[in-house]
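# Here is my input; please provide its structure:
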Amino acid sequence: MALKVYFDLLSQPSRAVLIFLKRTGIPHIERPVALRKGEQNSPEFTKLNPMRKVPVIVDNGFVLTESVAILKYLATKYDVPQFWYPQEILQRAKVDEYMAWQHTNVRFHAAKVFILEVLIPHMTSQPVDENKLTKALSELNGTLDMLESMFLKNQPFLCGDEITLADLLAICELMQPLGADRDILKDRPKLIAWRSRVQSALGKTFDEVHSFLYQLRNKARL
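All right, here's what the predicted structure looks like:
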């Protein structure tokens with residue numbers, strides 16, 4: 001029985017898991033869950049994940065939630081290139097370090113900007129709270145400073161010379177503010193160059209999975 005993946009393309013970790021599945025060629029069946037329509041509240045999905053969040057995978061009856069756990073599981077179980085999640089202990093530890101750090105840093109701060117600029121105005125029909133947005137952008141800039149100095153440094157990718165799960169998670173999070181046509185890396189040449197390398201490594205799959213986010217960006221430009 002093929003692995004099933006439940007996802008929403010507006011979900012950053014969903015995009016990371018879906019890109020990984022597509023890019024590595026792991027056979028899977030896609031099950032979209034439209035969060036904006038409340039489909040995560042259906043009895044079928046709630047049974048899979050009582051937290052009602054995506055992504056979720058079901059592999060031969062084995063249910064797994066949480067994107068980091070899912071990506072580690074897929075990279076360990078399936079025959080995929082080792083660079084994604086290196087077996088060498090020191091290299092793997094650096095990937096694990098980023099994945100542990102990102103939850104309350106890159107993920108938290110980039111998502112907050114998107115929530116303030118896109119989700120809250122859409123849900124409330126109220127204008128963006130500029131004071132809150134300014135503070136959120138300042139906090140995000142601090143996180144981007146750390147991303148450059150602590151992880152990227154002078155390497156091609158966050159954990160070394162090759163792309164890993166860390167880069168995949170990071171790029172999907174950092175793309176999210178683009179939904180408001182905000183490129184948060186525009187004044188950061190090192191991160192722009194990194195983003196270009198990641199996108200090149202991911203190929204056309206990157207743009208395919210970010211298509212819905214691009215639609216939001218285009219609407220924001222009108």
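
# any idea where the helices of the protein begin and end?
Per DSSP state H, the chain has helices spanning 12-24, 43-48, 67-77, 89-101, 106-114, 120-124, 130-146, 165-175, 189-202, 204-209, 211-220. These are given in chain order.

# Show me which residues of stretch 189-202 are buried.
When neighbours are counted by 16 or more other CB atoms under 10 Å, the buried residues of stretch 189-202 are found to be 191, 194-195, 198-199, 201-202. Quick note: C-beta positions are derived from backbone N, CA and C, even for glycine.

# Dump that stretch to CSV, restricted to CA.
The C-alpha atoms that make up stretch 189-202 are tabulated as CSV, following Å, rounded to 0.1, in the frame of the first residue of the first chain:
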residue,chain,number,x,y,z
PRO,A,189,22.9,38.8,-0.4
LYS,A,190,24.3,35.8,1.4
LEU,A,191,20.9,34.4,2.0
ILE,A,192,19.7,35.3,-1.4
ALA,A,193,22.6,33.3,-2.9
TRP,A,194,21.8,30.4,-0.6
ARG,A,195,18.1,30.5,-1.6
SER,A,196,19.2,30.4,-5.2
ARG,A,197,21.3,27.3,-4.6
VAL,A,198,18.5,25.6,-2.7
GLN,A,199,16.0,26.3,-5.5
SER,A,200,18.4,25.0,-8.1
ALA,A,201,18.9,21.8,-6.1
LEU,A,202,15.2,21.3,-5.8
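
# Could you list the domains of the protein?
The record assigns the chain these domain ranges, following automatic domain parsing: 3-80, 89-220.

# Please tabulate those in TSV, including the columns mean pLDDT.
TSV is the format used below for the domains of the chain (pLDDT from 0 to 100):
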stretch	mean pLDDT
domain 3-80	97
domain 89-220	97
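
# still on that earlier bit, single out the most deeply packed of the helices of the chain.
Of all the helices of the chain, helix 165-175 carries the top mean neighbour count, a mean of 26, counting by mean count of other CB atoms under 10 Å.

# quick one: Arg92 and Lys72, what's the gap?
Going from Arg92 to Lys72 by CB to CB, to the nearest Å gives 10 Å.

# overlap in contacts of those two?
Here Arg92 and Lys72 share the contacting residues Tyr85, scored by CB atoms under 8 Å, 6 or more residues apart in numbering.

# Let me see the contact set for the nearest residue to Cys159 once chain neighbours are set aside.
Taking CB to CB, 6 or more residues apart in numbering, and ignoring the residues beside it in sequence, Cys159 has Lys94 as its nearest neighbour in space, at 4.4 Å. Under the criterion of CB under 8 Å, 6+ apart, the contact partners of Lys94 comprise 159-160, 166.
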